[in-house]
Structures are given as C-alpha cells and as structure tokens.
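Asks: What follows is a predicted protein model with its sequence.
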Amino acid sequence: MRFPKLRIGYRLLLYFLTVLFVVLSIVSVISDRFAYGISVVCYTLAAVALFVSSYYLILDIRYIVKDIVKPKIKANPFADRMTADYRLRTVLFAVPGLTGNIIFAVFNGFVGIYSHSAWFGSLSAYYLLMSVMRIGAVRQEQKIFKISEESDRMKKEVAIYRRNSLFFILMSVVLAGMVILLEASLGGKNYPGFTIYAAAFYAFYRIIMSVVNMIKVRRESSPLLVIIRKIGYTDACVSMLTLQTAMFASFANGQEDFVKLMNGITGTVVCIMVLGMGIYGVYGSKKMIK
C-alpha cells in the first residue's frame, strides 16, 4: 500500500498536527480534564496521524540520507573514511567517554574531599580507573598505527589487552567497596524531578548499544578494539547500578530491606562480571600471543 505523494508544505502540516494530537493525548492522560468523548477523539486522531506521518517520515529520512547526507560524506575524505573504517570509529568514539570520565573523576574527588564522603571517593577512584584505561587505549592506538609489521602490532595490542584486564581486576575491588557503602546506606545517586526518566532512557540506551558493540567487535581480530568495547560495556553496567539506586531513592520509600537486597544483588553481579572479564582477559591474552 502506498499513500499519495504530498508536497513539503502538506507534510510539515501533517507532522505539526501529529505532534499536536499526541501532546493533547498526553495532557488528557495526565490532567484528566477532558471529557471522555474529547479524549477518545484525541487518541484516535493521534493514532491515525502518527501512522500516516510515520510513512512520510520514513520517505523523508531515506531521501535525506540517500540524496543529501551520503554525497556529502563521499565528498569529505575524513567522513568517508569514518564510515568505512570500523577501527577509526571505535577509537574516536571512545574520546567523548574519556572526557566524561575525567570530568566525573575530578568532580567526585573534590566533593569527596570537601564532604569527607567515602562514597564520592569511591566514585572518583572508579572514574579515574576508567580514564586511565581509555587514555591508554587511545594513546597506544596512535603508536600501533605506525607499526607496519602485523605480528608486532598484534603483540602490542595483546599487551594493552592484558594491562587493561589487570585494571578490570582492580576495578572490581573498587566496585566492591561501592557496593559495601550502598549496603551501609552511605551511598547512592539521586536525580531531581523528571530528570530520572531521561537518565533511565540514557542508561538503557547505553547498555543496549554496548551489547551491540560487543557483538560487532567479535568480527574484528583486534584485542585493542575488544578492550575498548569492554570498557564501554563495564561503564554502561555501572551506570545501570547507579540508576537502580536512584530509582529506589525516588520510588521505594519505606522499603529499606528490599532496597539493600536488590542493590546488593545487582552490585555483586556487576563486581563478579568485571572480575571475570579481568581474569579471562589475563589468561586469554596468553593464548592470543601463541
């Protein structure tokens, strides 16, 4: 089934009406101020408009990507290489995470010293380890790129893989300390107002993408890329743990025993997972060299 073609002006009007009807539907649910008949009309119009506009939106996105974005990417040598070179994308996309880790390490360190908080001190130690691991991986990539001999490059990457695996073992100790503080009700994270929903969406997005990247990187015979993806996966899992503490802080009033139990279980699972990755990486690096 194909819908008739619409001019750009009519498409923009359709998108505007879709947003309007969806907003009215949400307002109807939240405020419960509309009459029953008006609410039904809003829901119906929102559903129909969303269905139709989705069709045209897909066509518009395809046109933008195919006829506008791709030619510009092809015309730019760096952008063209970025789309074709998985290794380059992996290393460059690790830089924003590195910047965030450094900022959080410094911030939590200052807060921990000022407030004499062991929780913020442990967070600073965690982000500091993440920063060291990511800095090491990004810097070593620059050196590895200059090595022409494949066997020498592999030995260098395996050495980085092994060193970061040892850092994972150390990180599991830091995370264990964080879990102990959570069990003692001396730590946790909280988000004001509705920002917790945005944090939840971002945390779930990160964990999904980290799993997808872990699957993709298995196709590459590069220990360096594997360890970069493992760092991102670990960071996403710890973000889920901190999100859980924030969700409990916002919605689990009067259920302290249950909160401690769940934080203990989730924290222990994350610690064991990080420790397991570290031990597996240390022993697995020996097989890579062989």
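Replies: Perfect, I can see it now. Numbers count the residues shown, from 1 in each chain.

Asks: From here on, just use CA atoms for contacts and neighbour counts.
Replies: Will do.

Asks: where are the low-confidence patches of this structure?
Replies: By pLDDT under 70, the low-scoring segments of the chain are 1-2, 78, 80, 82, 185-195, 252, 254, 286-290.

Asks: where along it do the helices fall?
Replies: For the chain, helices defined by DSSP state H occupy the ranges 8-31, 36-63, 70-75, 77-84, 86-115, 118-145, 150-183, 195-217, 223-251, 256-289.

Asks: TSV for the ones you listed, including mean neighbour count?
Replies: As requested, the helices of the chain are exported to TSV (neighbours: other CA atoms under 10 Å):
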stretch	mean neighbour count
helix 8-31	15
helix 36-63	15
helix 70-75	13
helix 77-84	13
helix 86-115	16
helix 118-145	19
helix 150-183	20
helix 195-217	16
helix 223-251	21
helix 256-289	17
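
Asks: In contact with the residue nearest to the spatial centre of the chain, which residues?
Replies: The central residue of the chain, meaning the one whose C-alpha is nearest the mean C-alpha position (CA atoms, centre = their mean), is Arg206 at 2.1 Å. Taking CA atoms under 8 Å, 6 or more residues apart in numbering as the definition of contact, the neighbours of Arg206 are Ala236.

Asks: Renumber starting at 49 from here on
Replies: I'll keep to 49 as the first residue from here, and by that count the last item is Arg254.

Asks: ok, so what distance separates it from Phe64?
Replies: 30 Å (CA to CA, to the nearest Å).

Asks: Likewise for Ala297?
Replies: When CA to CA is applied, the distance between Ala297 and Phe64 equals 38 Å.

Asks: got it, and Lys308?
Replies: Relative to Phe64, Lys308 is positioned 47 Å away (criterion: CA to CA).

Asks: Endpoint to endpoint, stretch 105-122 covers what distance?
Replies: According to CA to CA, stretch 105-122 extends 24 Å from its N-terminal end residue to its C-terminal end residue.
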